[in-house]
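Chemist: Quick one: sequence plus predicted model below, questions after.
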Number of protein chains: 2
Amino acid sequence: MTSATSAAPASVRRSGTKGVARADREQQILDVAGRVFAEHGFTATSVADIAERAGISKPLIYNYFGSKEGLFERCLQVASELLVAEIERTAQLDVVGIDRALATLDGVFRVLAGRPWAWQIADDATAPEVGLALLDSYRRRLEDIAVVGVGQLLTLAGDHDPLDLEALTAVWSSVFSALVAWWIEHPDVTPQEMTSRCGRLFGAVFGVVPAAPDA
Amino acid sequence: MTSATSAAPASVRRSGTKGVARADREQQILDVAGRVFAEHGFTATSVADIAERAGISKPLIYNYFGSKEGLFERCLQVASELLVAEIERTAQLDVVGIDRALATLDGVFRVLAGRPWAWQIADDATAPEVGLALLDSYRRRLEDIAVVGVGQLLTLAGDHDPLDLEALTAVWSSVFSALVAWWIEHPDVTPQEMTSRCGRLFGAVFGVVPAAPDA
DNA sequence: TTGATGTGACTCGGGAGTAAGTTACCACGA
DNA sequence: TCGTGGTAACTTACTCCCGAGTCACATCAA
């Protein structure tokens, strides 16, 4: 209708707005960036690659996020808020022991559906200086919660060694990461299926069948 | 004679051999490189950094290893041979279940003493193309062994789901990595202490006290 | 003297970051 | 209903620096 479309260059898009609002575009970039950062790590990821995958140009990223580090920080922030909120919510529930672990896993799987990179991004060994502080506080908050659950288990077993607590907490975090990583490699599996799978595995390992979480 | 050397600086060492044999120097470079690669990942590590930490110059590394990727591959190879040999040795023993897991951990901790990077290097998400094949075959050999042990546990619990086996194997590998990583952050702890710590933790988690390995 | 060990000083490509321009949407007045 | 500016969204085409890889040469043990 509007006249201008008459001799519009059908194939090649040139510069100029595409009618996408800044907020939407930022969201889209964050999603792509999070995925790529999680896959290759901060250093091995190039801004040009993110731009290409997002179907935009590099300067737009700099326009919206200032720098590669700024983009990474925003990704971390998104992931942090998402996960910490969910895990703190689960920690409020009055379940303990294995059932608490399962409930936490279940919540995280639900939150992570569609953006599984949010968990992986915290394990980046190549994160820039500025991100380290954020990363640390983020990890610390998650570990503070894990320590409580793990501590219950160890106390129950009569183990009061603080280093044992520290080590087992690290192990538990790692188990969590491994399950998420496995899930990412099996995209067809739903969060619900993951939770019931974890239930089975916990049962086999601990020799008990935990109560099924409300599915 | 040569004009510039007029005021020959007594302190600064210039070029020329330092009397170190190639084999020794290669070993030294591999050790430094493995450490740095494990810490920062392949991409985030610069050859110049490795050279500086080893107290030599960059071209010597290229002279001995051809390229950054070549150096990385050699590191992988060293780590692979070291660990696969030890784990296959342990797999020959006729212990099963938790005791087998403990025996494996014990052997690996002993092998890793002094070069803990050998385990971490396999988890590099930024590894170059050429290293990927090597990395995969390396991981696969370790996992083939892990699968047997994990399979015993699951079968015992009446779980015959192949995906469960796959997931739990990934978890077990991850537990292994976490314990090694924790150990690296606590350099004072001896391999023997690590093994007994693992025994305690396993006991707490599995609710049984496993037989102590021959220390 | 010869060959192994070793280095200073380069080249060159790739990726972070930038300057300046281009296009489309959207008020607002006539 | 139509221009018409103003501004937000977007790009091309750069600069610049850091790090991989190289070359020619220096030193020393035998």
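Modeler: The structure has been received and is ready for your questions.
Chemist: Residue A:181: what's it in contact with?
Modeler: Counting by C-beta atoms under 8 Å, 6 or more residues apart in numbering or on different chains, residue A:181 touches A:120, B:170, B:174. Every C-beta, even on glycine, is put in place using the N, C-alpha and C of the backbone.
Chemist: what's next to the helix or strand containing residue A:60, contact-wise?
Modeler: Secondary structure assignment for residue A:60, by DSSP states H and E: helix A:58-65. Helix A:58-65 has contacts (C-beta under 8 Å, 6+ apart) with A:22, A:25, A:26, A:29, A:47, A:48, A:50, A:51, A:71, A:74.
Chemist: try stretch A:15-35
Modeler: Residues outside stretch A:15-35 that contact it (C-beta under 8 Å, 6+ apart): A:45, A:50, A:53-54, A:56, A:60-61, A:64-65, A:71-72, A:74-75, A:78-79, A:115, A:117-118, A:121.
Chemist: which of those residues count as buried?
Modeler: A:45, A:50, A:54, A:56, A:61, A:64-65, A:71-72, A:74-75, A:78-79, A:115, A:117-118, A:121 (16 or more other C-beta atoms under 10 Å in any protein chain shown).
Chemist: restrict those residues to contacts with DNA strand C.
Modeler: Filtering those for proximity to DNA strand C by C-beta under 7 Å from any atom of the strand leaves residue A:45.
Chemist: Let's see which of the buried ones among the contacts of stretch A:15-35 end up in helices.
Modeler: Mapping the buried ones among the contacts of stretch A:15-35 onto helices (DSSP state H) picks out A:50, A:54, A:61, A:64-65, A:71-72, A:74-75, A:78-79, A:117-118.
Chemist: mind putting those residues in TSV, distance to residue B:157 and pLDDT included?
Modeler: Output for those, formatted as TSV (distance: C-beta to C-beta, whole Å; pLDDT from 0 to 100):
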residue	distance to residue B:157	pLDDT
A:50	44	98
A:54	46	97
A:61	49	98
A:64	51	97
A:65	49	97
A:71	45	97
A:72	42	97
A:74	44	96
A:75	39	96
A:78	38	94
A:79	34	93
A:117	33	92
A:118	32	93
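Chemist: Pull the distance from the helix holding residue A:60 to the chain's centre.
Modeler: 23 Å (C-alpha atoms, centre = their mean, to the nearest Å).
Chemist: now stretch A:20-40
Modeler: Centroid separation between stretch A:20-40 and its chain, computed with C-alpha atoms, centre = their mean, is 13 Å.
Chemist: okay, now residue A:92: neighbour count?
Modeler: 6 (other C-beta atoms under 10 Å in any protein chain shown).
Chemist: Just send the ones in helices among the buried ones among the contacts of stretch A:15-35 back as CSV, with distance to DNA strand D too.
Modeler: Putting these into CSV (distance: C-beta to the nearest atom of the strand, whole Å) gives the following:
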residue, distance to DNA strand D
A:50, 12
A:54, 9
A:61, 8
A:64, 8
A:65, 12
A:71, 15
A:72, 17
A:74, 16
A:75, 19
A:78, 19
A:79, 23
A:117, 22
A:118, 24
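Chemist: Which parts of chain A are strands?
Modeler: Taking DSSP state E, chain A contains no strands at all.
Chemist: What residues sit buried inside the helix or strand of it with the lowest mean pLDDT?
Modeler: Least confident helix or strand, chain A: helix A:129-156 with a mean of 87, by mean pLDDT, DSSP states H and E. Under the neighbour-count criterion of 16+ other C-beta under 10 Å, helix A:129-156 has A:131, A:134-135, A:138, A:142-143, A:145-146, A:149-151, A:153-154 buried.
Chemist: That'll do, ta.
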